[in-house]
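Student: 3D, please:
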Amino acid sequence: MTTADGADAESLPGERVRSYDVDARLGTDYYAVFADVADEDRAVWERAQAFVDEVAPRMREAWDRAEYPLDVARRMGELDLVTDGIDHAGLTRLSPLGAGLVNMEFSRGDGSLGTMLAVQGGLALRTLALFGSDAQKAAWLQPLARAEVLGAFALTEPDHGSDSVSLETTARRVRTDDGGEWVIRGAKKWIGNGASGGVTFVWARVDDPGADDHGAVRCFLVEQDRPGYTGTPILGKVSLRGIHQARITLDDVHVPLEAMLPGARTFKDASTVLYATRSGVAWSALGHATACYEAALSYSRQRTQFGKPLARFQMVQERLARMLEELTAMQLYCRRLADLEASGILRPTQASLAKFHNTRAARRIAASARDLLGGNGILIENVVMQHMADIEAIHTYEGTESVQALLIGRDITGVSAFA
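Tutor: All right, here's what the predicted structure looks like:
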């Protein structure tokens, strides 16, 4: 119980306030970047907000315990929130702006939630929608969209992260009397949902000397209960602790010939999926940064030091202004990104620039917020430290800062600096 001035009713000397309300939405939009959001987009945005409010306490506990609440992931599907703007007749179509706002809201609530969306919708569902056969879509599209089945996207390997084009996992075509099958062998790492009991879209290099596609990178739909498939959650993470990423071993996993996705023929098709999700990472960074800024602003109004609220100190006001400056720039990047995508003219390197800018800016905002909260900034209950740790993951995945810089640099100079 607290008094009108925020103090605990039964406080002891030296502890007038035991906790601070720092995770309430403040609706920060200084340039009214999202003031004209269409009713349809606003409706899905509000549905995402209600979902985040519903599950946020569970996710905070899950993050603290490094547990993956699978029922939360399935709840996303029940609310039709995982389609991520994918354009397919069998899916609810969100505009780029609507999809971005959902992504932003999830990450504003919890980084693991944002990654659940990125994996289930942005990577797995998008791969199937873009490249799957009619039969594969008939069997798996709706279960993935409703999150009744969890999906994984297995590209990265223990030895190949930024150079994933060099992947070594193989798919060997074996001919038999009744047609044939594929035998997949290799290892993958950092695979969200890779140990969830669902399906994994495995990218592998064809091993079939003499065949036209020998050496080509193809994608295969692999049920995780296949013999030889082992997904083991990676332990010891200090980022995205509310979702399990797995190390996967594929020890001669046998799948039918029709497990190959016919539309995925080269590594460029994997890149197509990653380019699409790169925009989502920019929105995710905005969600994290919004949570950090608003926590710092709320705290500055509630926390009293030297006889007055922190918000009355010049240094604090300047710090908040700098954070707002960066946050507003992030919002403008995301809004323009959505407009370009809606017009059909978004280029991959424009998405790279947004990701490059926003994850870096989110890092700076989180660091300023943590500093402003002082010792209270390291407590999970005050949200900033959790977001700060989770930002480190999105800063890396879907292409590191260095890779984004090289992509942008090649575009503006016309010269490749990739080794």
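Student: Mind giving me the packing neighbours of the helix or strand where residue 246 lies?
Tutor: Here residue 246, judged by DSSP states H and E, is contained in strand 245-256. Strand 245-256 sits against strand 181-192, strand 217-223, strand 229-233, with contacts defined as 3 or more CB pairs under 8 Å, 6 or more residues apart in numbering; DSSP states H and E. Glycine gets a C-beta too; all of them are placed from N, C-alpha and C.
Student: could these be laid out in TSV, adding mean pLDDT?
Tutor: Below are the helices and strands packed on strand 245-256 laid out as TSV (pLDDT from 0 to 100):
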stretch	mean pLDDT
strand 181-192	97
strand 217-223	98
strand 229-233	98
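Student: closest one to residue 334 among those strands?
Tutor: Closest to residue 334 of the helices and strands packed on strand 245-256, according to CB to CB: strand 181-192, at 22.4 Å.
Student: quick revisit: pull out the buried positions in the strand holding residue 246.
Tutor: Neighbour counts over strand 245-256 (16 or more other CB atoms under 10 Å) mark 245, 246, 247, 248, 250, 253, 255 as buried.
Student: with those residues in mind, which one is nearest to residue 321?
Tutor: residue 245 (37.0 Å).
Student: in what helix or strand does the residue nearest to residue 377 when sequence neighbours are not counted lie?
Tutor: Among residues not flanking residue 377 along the chain, residue 370 sits closest, at 4.1 Å (CB to CB, 6 or more residues apart in numbering). Assigned by DSSP H and E, residue 370 belongs to helix 348-372.
Student: quick revisit: now for the buried residues of strand 245-256: which two are most distant?
Tutor: So, the buried residues of strand 245-256 by CB to CB: farthest apart are 245 and 255, at 22.7 Å.
Student: what about the helices in the chain?
Tutor: Using DSSP state H, the helices of the chain run over 39-65, 70-78, 96-109, 111-117, 126-131, 134-145, 267-302, 314-342, 348-372, 384-396, 401-413.
Student: May I see the buried residues of stretch 35-51?
Tutor: 37, 41, 44, 45, 48, 49, 51.
Student: show me what contacts the first one?
Tutor: Contact partners of residue 37, counting by CB atoms under 8 Å, 6 or more residues apart in numbering, are 45, 97, 101.
Student: Also the second one?
Tutor: Under the criterion of CB under 8 Å, 6+ apart, the contact partners of residue 41 comprise 94, 95, 97, 98, 101.
Student: Make sure the last one is actually in contact with residue 45.
Tutor: Yes - using CB atoms under 8 Å, residue 101 and residue 45 qualify as a contacting pair, with a distance of 4.2 Å.
Student: sorry, back to before: closest one to residue 259 among the helices of the chain?
Tutor: Going by CB to CB, the one of those nearest residue 259 is helix 134-145, 8.3 Å.
Student: Output the closest one as PDB - backbone C-alpha positions only.
Tutor: The C-alpha atoms that make up helix 134-145 are tabulated as PDB, following Å, rounded to 0.1, in the frame of the first residue of the first chain:
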ATOM      1  CA  ASP A 134       1.100 -26.900 -52.400                       C
ATOM      2  CA  ALA A 135       1.100 -30.100 -50.400                       C
ATOM      3  CA  GLN A 136       3.500 -28.700 -47.800                       C
ATOM      4  CA  LYS A 137       1.400 -25.600 -47.400                       C
ATOM      5  CA  ALA A 138      -1.800 -27.600 -47.200                       C
ATOM      6  CA  ALA A 139      -0.200 -29.600 -44.400                       C
ATOM      7  CA  TRP A 140       1.700 -27.000 -42.400                       C
ATOM      8  CA  LEU A 141       0.700 -23.400 -43.300                       C
ATOM      9  CA  GLN A 142      -2.300 -23.100 -40.900                       C
ATOM     10  CA  PRO A 143      -0.700 -25.000 -38.000                       C
ATOM     11  CA  LEU A 144       2.300 -22.700 -38.200                       C
ATOM     12  CA  ALA A 145       0.200 -19.600 -38.500                       C
END
